[in-house]
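Engineer: Provide a 3D model corresponding to the input given below.
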Amino acid sequence: MPWLFITTLFIFILFVPTGYSTHHILVFFIGLVGVGASLVLFGLTATKKWKGYGELKPISWFFRLLAIGIGFFVLQLANQYYVDVKYYLDGETETVSGVPTEIIDFEANRELVKTVTVVIDDQRFDVAVKAKYFLEVGNMEDKTFVIHYLPRTKWVVNYEVIEE
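Structural biologist: Numbers count the residues shown, from 1 in each chain. Sure, this is the predicted structure:
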């Protein structure tokens, strides 16, 4: 039984950075919910009588409460994305367009997808650089961006760079 929770936890832990770095909100949200639920269930059901726990030290109440607390914290983080997942599934996004006042370039080797932060109308948006724009990051400053994002978390769903 403990290996089921531990395996599930590690699988969902992989979803969180993958969804975040590739800008897929559903993968990110499912990862957060899975990690939170796994931790809470592990904390609630962990006992000394589990088969296979003979070779492991018994789980103390402190670690059980810690797992439950962290699990609820992660579920609370997932809650802020819950509303935007509904908007994402319904295709309802907000749109902003304009020439960026600032473009902050991040190194590509830290994430699976190169991310650039674009500031338009004093709002910051993290956009995954599409292949056709990848080599032109330095030349994006004078171009118009049309960004479709989710209203609550400002998660960028899609964007377009308009050549003028």
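
Engineer: burial count for Gly69?
Structural biologist: 13 (other CB atoms under 10 Å). In this view, the C-beta of every residue, glycine as well, is placed from N, C-alpha and C.

Engineer: numbering from 418 from now on, please.
Structural biologist: New numbering, starting at 418: the last item is Gly486.

Engineer: now Thr534: how far from Phe432?
Structural biologist: 23 Å (CB to CB, to the nearest Å).

Engineer: would you map the helices across this protein?
Structural biologist: Shown for the chain, the helices assigned by DSSP state H span residues 419-438, 442-462, 478-507.

Engineer: neighbouring strands of the helix or strand of the chain with the lowest mean pLDDT in the sheet, and parallel or not?
Structural biologist: Least confident helix or strand of the chain, by mean pLDDT, DSSP states H and E, is strand 519-522 with a mean of 73. Taking DSSP bridges as the criterion, strand 519-522 forms sheet pairs with strand 532-537 (antiparallel).

Engineer: between the strand it pairs with and helix 419-438, how big is the angle?
Structural biologist: Counting by axes from the mean of the first three to the mean of the last three CA atoms, to 10 degrees, strand 532-537 lies at 50 degrees to helix 419-438.

Engineer: how many other residues sit next to Ile428?
Structural biologist: Neighbour number of Ile428 under other CB under 10 Å is 13.

Engineer: go ahead and confirm it touches Gly451.
Structural biologist: Yes. Between Ile428 and Gly451 there is a contact under CB atoms under 8 Å: 7.3 Å.

Engineer: ok, the residue lying closest to His565 once chain neighbours are set aside - contacts?
Structural biologist: Excluding the flanking residues, the one nearest His565 by CB to CB, 6 or more residues apart in numbering is Thr510, at 4.2 Å. Thr510 is in contact with Tyr504, His565, Tyr566, Leu567, Pro568, Val574, Asn575, counting by CB atoms under 8 Å, 6 or more residues apart in numbering.
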